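> got a structure for you, letters missing:
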């Protein structure tokens, strides 16, 4: 990823900011790229030549708001309009992208998806540091961010808050540090599990709130297996060698020694080896399953209290009481769903022949492992691959802003909204609704190929797709956000204590939440950050990160031609992805996952509809400087899903032409709405992995070649490699 630093100058354009780094050549190259792209586009639009043979389609006054100018500039800087679009659209749409990315970026395959996240984090920092401190949420989010930035205070505090927690006695004591004074009679499994789970460290199992399997529009309490804490590797993986395992155990040993409480390395090493052996036993009973497809068993809370869940000597009454605030403990009649009952029976067998000392050490080390990123490097060492204060790889502010958005997501989003540093999502939700309508129409057009029942199932699933774009609407109410953080009281000089407090706060609020969950165990606030959208079968939800609500993918101020081509095509991708399941199970109109015995004929018909979009092996294109067309290999990664992108571009274009309103052009971009649509569509495929045989390169060209509208927009002629005369036979 491109290195960010504090020399970044924020160019203010109205109420938004576009980040350019003038300390190195990248910022200047971006400026030059924008200027050259503007000049080239103006010249090429006015004349017939390199672009193709298209004529100006609309004579509208371009939008002139700051967000529109910023977004158009970002797109223009990515273009290489000196290359014929009809020969290689990827080079045309993304050829300028590599000009302002370093050689290091190229080796790391940096793409637009990374840039979106980088821009988001920089804007978050700006919003936090300039926030209105009269608001409760702004005050607390600044305290968390400031404490993370204060290395001096962190180094002086070291690990004391954490050590105070795991070494306070009364059933909660780390045997490795206690040494000979540890008394197994004081070991309290309940207290250890409660303490870790309150911190959202889900050892042994996870207790949370998620979508109700029987009523997916509601939420329900859930208990299910938890992934391993330290030994995350697959023990059957040949790369996880004995040597690597030994190296990892040594790192954990160093970490514990660096806490400065014990000097007996031999004892520490023995305990670490014992704990890792225990995790190997747990790994043997962990299920291999998909989180979104399962058959849970329903109990009532009072049945848990009677030890119906097979973990002996575990006090569920005390456990649940500890995890909920006073007077908010669930009623005994509240349903709770147990996922993978057999795991808990097997877990009980493992626990029954494990010593209390091993269990206590395992739980303590699990907590230490999960908190390693929040400790000074002279303590945590290299226990994780992420070195928190390696400012050469990632500056401190970047790491602190990322941590802040994770622990205080709604305060972070609201602070950005206050500063107009996050785009409105109203246009995005409108685009989503219109694309869903068009996908329904395409399904209707092919319904005759399926049985009536299966056609109805397809339609039901698409008609009830839910969007989770950016953030929930309640964040627009400032009073509600203040109320949400009313009980938070953070200290700008106590980073580790703040992390521990906010981890507990998030866990409590997930349990009390009435919102739909992102997936089992976490609120959907996890879906608003990062660089990856996702579709979840359970709930039939599409999650789009907040970072996608930015240039060069989206702008509330940009014309419909841009937003349907950019964010719209990506929304369409995940809508089509909703049809990728094997259909042994699917979501009905309520979001409930139900069994569905699809006939072989229906499966074959659906495969035939999708396989029609097979352009990666049927279309050639001419790479820059090549004398012959580039051969297309069918071995490309992701080939089985190319139809997602092609069908998505189809429904996005249909929705755009049907629902567009107002002017459709933007400064520095062509005065041709269809060209803008396809240029916007191409932006998300831009990457520094610039092999002309790469999957992304071929896929974008396949999209162009599949659309006769592309040929019309760019004036492609017979003989051009991406020319489509309109004789496409694909059903969709």
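Structure received. Computed from a prediction, not measured in an experiment: that's the story for all the values here.

> which of the residues in the host helix or strand of residue 299 are buried?
Per DSSP states H and E: residue 299 is located in strand 297-300. Within strand 297-300, the residues scored as buried using 16 or more other Cβ atoms under 10 Å are 299, 300. In short, each C-beta sits where N, CA and C put it, glycine included.

> Against which helices or strands is the following helix or strand past that strand packed?
Next helix or strand after strand 297-300 toward the C-terminus (DSSP H and E): helix 301-305. With contacts taken as 3 or more Cβ pairs under 8 Å, 6 or more residues apart in numbering; DSSP states H and E, helix 301-305 sits against helix 316-323, strand 335-338.

> hmm, who's touching helix 301-305?
Residues from elsewhere that reach helix 301-305, judged by Cβ atoms under 8 Å, 6 or more residues apart in numbering: 221, 316, 317, 320, 330, 331, 332, 333, 334, 335, 336.

> Make a PyMOL selection of the buried ones in those.
Per 16+ other Cβ under 10 Å, the buried members of the contacts of helix 301-305 correspond to this PyMOL selection:
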select buried, resi 221+316+317+320+330+335+336
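
> out of the contacts of helix 301-305, what pair is the most spread apart?
Using Cβ to Cβ, the two most remote members of the contacts of helix 301-305 are 317 and 335, lying 16.9 Å apart.

> ranges for the helices of the stretch 151-300 of the chain?
Assigned by DSSP state H, counting those that start in this stretch, the helices in the stretch 151-300 of the chain fall at 151-157, 160-166, 175-178, 189-198, 242-258, 265-283.

> got JSON lines for these, with mean neighbour count too?
Formatted as JSON lines, these follow (neighbours: other Cβ atoms under 10 Å):
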{"stretch": "helix 151-157", "mean neighbour count": "14"}
{"stretch": "helix 160-166", "mean neighbour count": "17"}
{"stretch": "helix 175-178", "mean neighbour count": "22"}
{"stretch": "helix 189-198", "mean neighbour count": "20"}
{"stretch": "helix 242-258", "mean neighbour count": "16"}
{"stretch": "helix 265-283", "mean neighbour count": "17"}
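
> Quick check: which of these is nearest to residue 506?
helix 189-198 (10.3 Å).

> can you pull the contacts of residue 496?
Shown in contact with residue 496 (Cβ under 8 Å, 6+ apart): 154, 157, 159, 160, 161, 162, 371, 374, 375.

> Now do the SS call for it.
On the three-state scheme (DSSP: H, G, I helix; E, B strand; the rest coil), residue 496 is labelled helix.

> Okay, residue 154 and residue 358: tell me how far apart.
Distance of residue 154 to residue 358, computed by Cβ to Cβ, to the nearest Å: 32 Å.

> If you could redo that for residue 459, that was the one I meant.
Note on residue 459: its distance to residue 358, by Cβ to Cβ, is 55 Å.

> What of residue 196?
16 Å.

> again with residue 485
For residue 485, the distance to residue 358 - Cβ to Cβ - is 39 Å.

> go on, residue 406?
31 Å.

> Same check on residue 684?
Using Cβ to Cβ, we find residue 684 at a distance of 49 Å from residue 358.

> residue ranges of the strands in the stretch 101-250 of the chain, please?
Listed in chain order, the strands of the stretch 101-250 of the chain (DSSP state E, counting those that start in this stretch) span 167-169, 172-173, 205-211, 219-225.

> chain center to the first one, what's the gap?
Going by Cα atoms, centre = their mean, to the nearest Å, the spacing between the C-alpha centre of strand 167-169 and its chain's C-alpha centre is 38 Å.

> Now do the buried residues in that strand.
Under 16+ other Cβ under 10 Å, strand 167-169 has no buried positions.

> tell me the mean pLDDT over it?
Strand 167-169 carries an average pLDDT of 77.

> residues in contact with it?
Taking Cβ under 8 Å, 6+ apart as the rule, strand 167-169 contacts 173, 174, 177, 178, 186, 261.

> Just give the closest residue to the last one, not the sequence neighbours.
What it means is residue 261. In this structure, residue 261 finds its nearest non-sequential neighbour in residue 177, 4.6 Å apart by Cβ to Cβ, 6 or more residues apart in numbering.

> I'd assumed residue 259 was in contact with the one you found.
Yes - counting by Cβ atoms under 8 Å, residue 177 touches residue 259, with 7.2 Å between them.

> a strand runs through residue 308, doesn't it?
No - per three-state DSSP, residue 308 lies outside any strand segment and is coil.

> Kindly state the pLDDT recorded for it?
Listed pLDDT for residue 308 reads 71.
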